[in-house]
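turn this into a structure:
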Amino acid sequence: MLEKTILLPSAWKGGDLYEEDWIIDLPDPLVEELTNAAKLLHGRGLSLKQANAGDYRLESWQSVLNEIRERIEGGLGFTLLRGLPAENGLDLARLYLWGLGCHLGFPEPQDAVGNLMHDVKDTGNDLSDSDIRLYQTNLALSYHNDGADAFMLMCCHAAQRGGETKLVSALSVFNTILECRPDLACVLQQPFYFDARGQQRPNSPLFQRVPVFVYHEGYLNVLYKREYIESAQRFPEVPELTPQQIEAMDMMDRLCDELALGFVMKPGDLIIANNYELLHARSAFQNGGMIKEGRHMLRLWISLPNARPLPAVFGDTREFCHSYARRCEPVVSLPLRV
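Numbering: from 1, shown residues only. All right, here's what the predicted structure looks like:
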């Protein structure tokens, strides 16, 4: 049980950051090198799973890739690359994202089927289907984290209105709760039940039991998805949320809004963020006349070679089980085939 505040660069407040702290404007030579590599692979007809880091000749990218890893684990916990050529179409955009992901780390499955890349867009479905996930709608997404060590989200098309991205340091949120309400900081370090919404691991329950905050080997880690905590109440085996748990989540949600950094992603922007230290959210959005022409993001989840040790409880979660398993494997040098 952690009873002290965390003083790290990743314990920031959105109002204290400047764009130069977290945005990397990509110079033309790097963009050209990535574009040429992607076009070459596209011409060879390789699928994503057939391409690996060794298929991308990105010699000029090495210092930038090292800087990204250091920012993600040990820095602010995130960065945004600006200037990828989104106008070249979705096929090439997928290859840009895949190539950078394979050079940074190891792409991981995002669902029970094993898909490694997801299209984050409004599919026209709603949450009346319990297997539909919020990112498949145009609804606002409250603060949550994705799976694996880090997520990569590339903007291919922006919404006509709305769709603001919000990032918040979960460490700053925890620090404030600990200072103001240490009793609720204790509650958040005890188990909550999360609905798997059809994405549970094979032979696993339809829900998972894990604390919101877990302190392990000097690192504070977060797992938070309020909608999934609340929808887990539909299972008779799951105990009813206590008044203290509800109060703790209310305070956490309020602080997320107060401490967040908000911005609108432009086509060609790529955000990369640490899933153990940051939460992210999205405002509701509206597209133009055709859904297919509206807000469209590509998402990758990756494990990092320089990542932190993970608590054993994360090995049983659908979000972090693959990154946890990576820690148990022999050390493998990049590049490798995924």
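
low-confidence ranges in the stretch 101-250 of the chain?
For the stretch 101-250 of the chain, the stretches flagged by pLDDT under 70 are 126-136.

tell me where it has strands.
With DSSP state E, counting those that start in this stretch as the criterion, the stretch 101-250 of the chain has strands at 106-108, 117-121, 141-144, 150-157, 161-162, 165-169, 191-195, 207-211, 213-216, 219-222.

which elements pack onto the first one?
Using 3 or more C-beta pairs under 8 Å, 6 or more residues apart in numbering; DSSP states H and E, the elements in contact with strand 106-108 are strand 296-303, helix 321-327. Quick note: C-beta positions are derived from backbone N, CA and C, even for glycine.

mind redoing it with 6 Å?
strand 296-303 (3 or more C-beta pairs under 6 Å, 6 or more residues apart in numbering; DSSP states H and E).

just checking: what are the partner strands of the strand it packs on?
Strand pairing for strand 296-303, determined by DSSP bridges: strand 106-108 (antiparallel), strand 117-121 (antiparallel), strand 150-157 (antiparallel).

which of the ones you listed sits most buried?
strand 150-157 (a mean of 24; mean count of other C-beta atoms under 10 Å).

which of the strands paired with strand 296-303 sits closest to residue 141?
Across the strands paired with strand 296-303, residue 141 has its closest neighbour in strand 117-121 (9.7 Å, C-beta to C-beta).

mind putting the strands paired with strand 296-303 in a markdown table, distance to residue 215 included?
Shown next, in a markdown table, are those (distance: least, C-beta to C-beta, whole Å):
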| stretch | distance to residue 215 |
| --- | --- |
| strand 106-108 | 24 |
| strand 117-121 | 30 |
| strand 150-157 | 20 |
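
centre of the chain to the helix or strand harbouring residue 97, how far?
Assigned by DSSP states H and E, residue 97 falls within helix 90-104. Chain-centre distance of helix 90-104: 16 Å, with C-alpha atoms, centre = their mean, to the nearest Å.

repeat that for stretch 276-283.
Stretch 276-283 sits 7 Å away from the centroid of its parent chain (C-alpha atoms, centre = their mean).

could I have it exported to PDB, CA atoms only?
Presented in PDB, the C-alpha positions along stretch 276-283 are these (Å, rounded to 0.1, in the frame of the first residue of the first chain):
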ATOM      1  CA  TYR A 276       0.700   2.600 -16.600                       C
ATOM      2  CA  GLU A 277       1.100   6.300 -15.800                       C
ATOM      3  CA  LEU A 278      -1.400   8.100 -18.100                       C
ATOM      4  CA  LEU A 279      -5.100   8.000 -18.700                       C
ATOM      5  CA  HIS A 280      -6.700   9.400 -21.800                       C
ATOM      6  CA  ALA A 281     -10.200  10.500 -22.800                       C
ATOM      7  CA  ARG A 282     -12.100  11.800 -25.800                       C
ATOM      8  CA  SER A 283     -14.900  14.200 -26.200                       C
END
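
how near is the nearest residue to residue 118 once chain neighbours are set aside to residue 119?
Closest residue to residue 118 apart from its sequence neighbours, by C-beta to C-beta, 6 or more residues apart in numbering: residue 299 at 4.6 Å. Note on residue 299: its distance to residue 119, by C-beta to C-beta, to the nearest Å, is 8 Å.

any chance of the strands of the stretch 101-250 of the chain in CSV, with distance to residue 175 too?
Shown next, in CSV, are the strands of the stretch 101-250 of the chain (distance: least, C-beta to C-beta, whole Å):
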stretch, distance to residue 175
strand 106-108, 29
strand 117-121, 30
strand 141-144, 16
strand 150-157, 22
strand 161-162, 30
strand 165-169, 9
strand 191-195, 20
strand 207-211, 17
strand 213-216, 11
strand 219-222, 9
